[in-house]
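Engineer: generate a structure from the sequence data that follows.
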Amino acid sequence: METTSEVTHETDDDARSGIVLGTDEAERAERRRLAANRLGWIVAWGVSVVALIVGISLTGVGTVEHIVEYSDSYDVFTREVWPAGLVLLGVGALGIIATALATAVLPQKR
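Structural biologist: Okay, the predicted model is just below:
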């Protein structure tokens, strides 16, 4: 009888340790999922804000001068950057609006 109770007792311990391992793995998986979600939201907000700021600055500048120097003279090239600024301005604004809407619509626990 003692042998049977010892075997049963060992089996109970193994089952309990399996449950503990399962919850540890579940907690780790949940932490990974939350970290990935947070990283995704940081990237979404970051890209939108940076695109908006760069778009505003390029639109405000308008043109950029590029000077090429030679041994006896130099050439000045002007490049218009305001069209790229308008595109980035639109991308940044739409990105911020889309991220704000997604933040408002999704449930709080992410």
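Engineer: from residue 60, how far out is residue 88?
Structural biologist: Residue 88 sits 12 Å away from residue 60, taking C-beta to C-beta, to the nearest Å as the criterion. Glycine gets a C-beta too; all of them are placed from N, C-alpha and C.
Engineer: which one's more surrounded, these two?
Structural biologist: Neighbours per residue, other C-beta atoms under 10 Å: of residue 88 and residue 60, the larger number sits with residue 88, 21 against 10.
Engineer: ok, so what distance separates the more buried one from residue 97?
Structural biologist: Relative to residue 97, residue 88 is positioned 15 Å away (C-beta to C-beta).
Engineer: what of residue 53?
Structural biologist: Between residue 53 and residue 97 the distance is 16 Å, computed by C-beta to C-beta.
Engineer: what does residue 58 give?
Structural biologist: Counting by C-beta to C-beta, the gap from residue 58 to residue 97 is 20 Å.
Engineer: in this protein, what spans have low per-residue confidence?
Structural biologist: Along the chain, the model assigns pLDDT under 70 to residues 1-21, 108-110.
Engineer: show me where it has its helices.
Structural biologist: According to DSSP state H, the chain carries its helices in the segments 2-61, 82-105.
Engineer: distance between the last one and the chain's centre?
Structural biologist: Remark: helix 82-105 is offset 15 Å from the chain centroid, using C-alpha atoms, centre = their mean, to the nearest Å.
Engineer: need the residues that contact it.
Structural biologist: The set of residues that contact helix 82-105 without belonging to it, under C-beta atoms under 8 Å, 6 or more residues apart in numbering, is 41, 44-45, 47-63.
Engineer: rewinding a little: give me the more crowded residue out of residue 58 and residue 97.
Structural biologist: Using other C-beta under 10 Å, the more surrounded residue of residue 58 and residue 97 is residue 58, with 20 against 11.
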